[in-house]
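Student: just coords:
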């Protein structure tokens, strides 16, 4: 099953090669403003097309990259370190503490997938405002 996410004007199209296992909302100062439901995928499981108007914003300079369409403003996806590859769910390191993982992960705004029933997706609320 291929899911396709598009910004409002259609300038950015993202094909997702597998169904999401779950989604996340976040109340950090960025996510709270954009209202996305994020689903996370390995880079190999997404294909980004027609991104001529792609713009990137990062409050950290490079660590977490938030992408949006420069034409219509739709928040399409993010690219960040795959923290789960280096840290356990309780925050303890799997190896050396303080390491920023080299492996990256792609977050797709599932609100941009036409025909996808968001109610069928288990969504976890993250407290990014207080925990990051």
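Tutor: Right, received. Where do you want to start? Everything numeric here is computed off the predicted structure, so don't read it as measured data. Residues are numbered from 1 along each chain as shown.
Student: could I get the phi/psi values of the most centrally placed residue in the chain?
Tutor: The centroid of the chain falls nearest to residue 107 when counting by C-alpha atoms, centre = their mean (1.7 Å). Dihedral pair for residue 107: phi -100, psi 130, per degrees, to the nearest 10.
Student: thinking it is in contact with residue 43, fair?
Tutor: No. In this structure residue 107 lies outside contact range of residue 43 using C-beta atoms under 8 Å: 11.3 Å. The way it works is simple: take the backbone N, C-alpha and C, and place the C-beta from them, glycine included.
Student: and the residue nearest to the centre of the chain, what does it touch?
Tutor: Shown in contact with residue 107 (C-beta atoms under 8 Å, 6 or more residues apart in numbering): 38, 39, 40, 41, 77, 78, 79, 80.
Student: for the host helix or strand of the fifth one, buried residues please.
Tutor: Looking back up the chat, that one is residue 77. Assessed by DSSP states H and E, residue 77 sits inside strand 75-81. Within strand 75-81, the residues that qualify as buried are 75, 76, 77, 78, 79, 80, 81, counting by 16 or more other C-beta atoms under 10 Å.
Student: and that strand, which strands flank it?
Tutor: strand 65-69 (antiparallel), strand 104-109 (antiparallel) (DSSP bridges).
Student: gap between the two ends of stretch 74-93?
Tutor: 35 Å (C-alpha to C-alpha, to the nearest Å).
Student: buried residues in stretch 56-74?
Tutor: Across stretch 56-74, burial judged by 16+ other C-beta under 10 Å covers 64, 65, 66, 67, 68, 69, 70, 71, 74.
Student: now for the residues you listed: which two are most distant?
Tutor: Pairwise distances across these peak at 22.7 Å for 64 and 71 (criterion: C-beta to C-beta).
Student: perfect, I'm done here.
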